[in-house]
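Trainee: Kindly return the folded structure for what I paste below:
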Amino acid sequence: MNELLAVAAITILAVISPGGDFAMVTRNSYLYGRRAGIVTACGIAAAVWVHIAYTLLGVSLLLLRFPLLFNGIRFLGAAYLIVIGIRTFRHPAIAVDLSTKTVPSGNGSAFRDGFITNALNPKATLFVLSTFTQVVQPATPLALQIGYGAFMSLAHLVWFCVIASVLARPTVRQALLLRQRVVNRAIGTVLAALGLLLVSAATPSNSPALAWIADTANGFYRTADGLSPTLTGNPFMAATGRLP
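Mentor: Numbers count the residues shown, from 1 in each chain. Now for the predicted structure:
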C-alpha cells in the first residue's frame, strides 16, 4: 500500500507540472478544438508506455551508463520542441468556425505531436525511470509493475483531456482565438524555450529533476512502515551518486 501511494503521489505531481506536453495540448486544443486536444492527450499517454517498456526491460540502465545515448534523445526532443515552437510563433491567424467539429490539423498530426513530444522528453524518461528504480521494489510482481505503468499512462490521459476540454470550451477558445497572434507567440516562445533548456540541461548523473525525485522517494522509504531506510542496492541511486 505504501508503495502504491508513493507511485500515485509522484505520478500526479509529475503529470500536473507544466512542460512540453502541457504546451502542446494547449496549442492544439485552442487552435483546432477539443478533439485535437484529446487526440494529442492520447498520443502523450501512448508515449508513456514507451518509457515504461524500456524501463521494465532494463534498457533504461543504458541511459545511465552511457550519457551520450541519453543526450542524443535529449537533443532530438529539444530540436522537435524548437521547430514546433518556431512554427507556432509564426503561425498565421486562422478563421475558425466554433460550431464545426472539423479538425484542420488532422487526428494523425495531433496524435503525432503528443506522442513525439512525450517520447523524446527527458523529463518523462527521468520520471518513469526514477519511479521504477526508486519506489518500486525489485520483489514487486511484474503484473503490478505493469499496473503502475497503466496508472501513469491513464493519469496523463485524464489530466490532459481535462486541459483540452477546458481550453476548447467556446468562451475560452473564442477569447484565445481573438488574440491568436499573441497566444501563438507566447506558446511558441515557451516551446522553443523548453527546447533550449533541454539542450543546456544536465546529464542524468547530475540532473536536478532526478535529484528531486530521488530525495522525494527516499523520504517515502524512510517514513513508510515496512520499507527499507536505505537504498544501497538500487542501481539508480548508485548511478546518480545519491546513496544515503
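Trainee: Read off the pLDDT value for the spatially most central residue of the chain.
Mentor: Nearest residue to the geometric centre of the chain (C-alpha atoms, centre = their mean): A124, 4.3 Å. Note on A124: pLDDT of 84.
Trainee: Check P104 too.
Mentor: 53.
Trainee: quick one, longest helix in this protein?
Mentor: As assigned by DSSP state H, the longest helix anywhere in the chain is helix 142-167.
Trainee: Tell me the gap between it and the middle of its chain.
Mentor: Here helix 142-167 shows a centroid-to-chain-centroid distance of 11 Å under the convention C-alpha atoms, centre = their mean, to the nearest Å.
Trainee: In it, which residues are buried?
Mentor: 145, 148-149, 152-153, 155-157, 159-161, 163-164, 167 (16 or more other C-beta atoms under 10 Å). Bear in mind the C-beta positions are built from the backbone N, C-alpha and C, glycine included.
Trainee: Kindly report the same for stretch 186-194.
Mentor: Applying 16+ other C-beta under 10 Å to stretch 186-194 flags I187, G188, V190, L191, A192, L194 as buried.
Trainee: And these, which is closest to L76?
Mentor: Taking C-beta to C-beta as the measure, L76 lies nearest L194 of the buried residues of stretch 186-194, at 13.8 Å.
Trainee: That closest one: what's it in contact with?
Mentor: G19, G20, A23, L81, G85 (C-beta atoms under 8 Å, 6 or more residues apart in numbering).
Trainee: Isn't F151 up against A8?
Mentor: Yes: look at F151 against A8 with C-beta atoms under 8 Å: they come within range, at 7.0 Å.
Trainee: Could I get the full set of helices for this protein?
Mentor: 2-16, 20-32, 34-56, 60-65, 67-89, 107-119, 122-134, 142-167, 170-177, 180-199, 208-223, 235-240.
Trainee: of all the ones you listed, which gets the most neighbours per residue?
Mentor: helix 20-32 (a mean of 26; mean count of other C-beta atoms under 10 Å).
Trainee: Can I get that helix in CSV, CA atoms only?
Mentor: C-alpha atoms of helix 20-32 as CSV (Å, rounded to 0.1, in the frame of the first residue of the first chain):
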residue,chain,number,x,y,z
GLY,A,20,6.2,20.4,-23.2
ASP,A,21,3.2,18.1,-23.0
PHE,A,22,1.1,20.9,-21.5
ALA,A,23,2.1,23.4,-24.1
MET,A,24,1.4,21.1,-26.9
VAL,A,25,-2.1,20.2,-25.7
THR,A,26,-2.8,23.9,-25.2
ARG,A,27,-1.6,24.7,-28.7
ASN,A,28,-3.7,22.0,-30.4
SER,A,29,-6.8,22.5,-28.2
TYR,A,30,-7.3,26.2,-28.7
LEU,A,31,-6.3,26.2,-32.4
TYR,A,32,-8.0,23.0,-33.6
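Trainee: H51 versus the nearest residue to L81 once chain neighbours are set aside, what's the distance?
Mentor: Nearest-residue entry for L81: G195, 3.5 Å, with adjacent residues in sequence omitted and distances by C-beta to C-beta, 6 or more residues apart in numbering. Relative to H51, G195 is positioned 19 Å away (C-beta to C-beta, to the nearest Å).
Trainee: rank the helices of the chain by pLDDT, which is bottom?
Mentor: helix 235-240 (a mean of 40).
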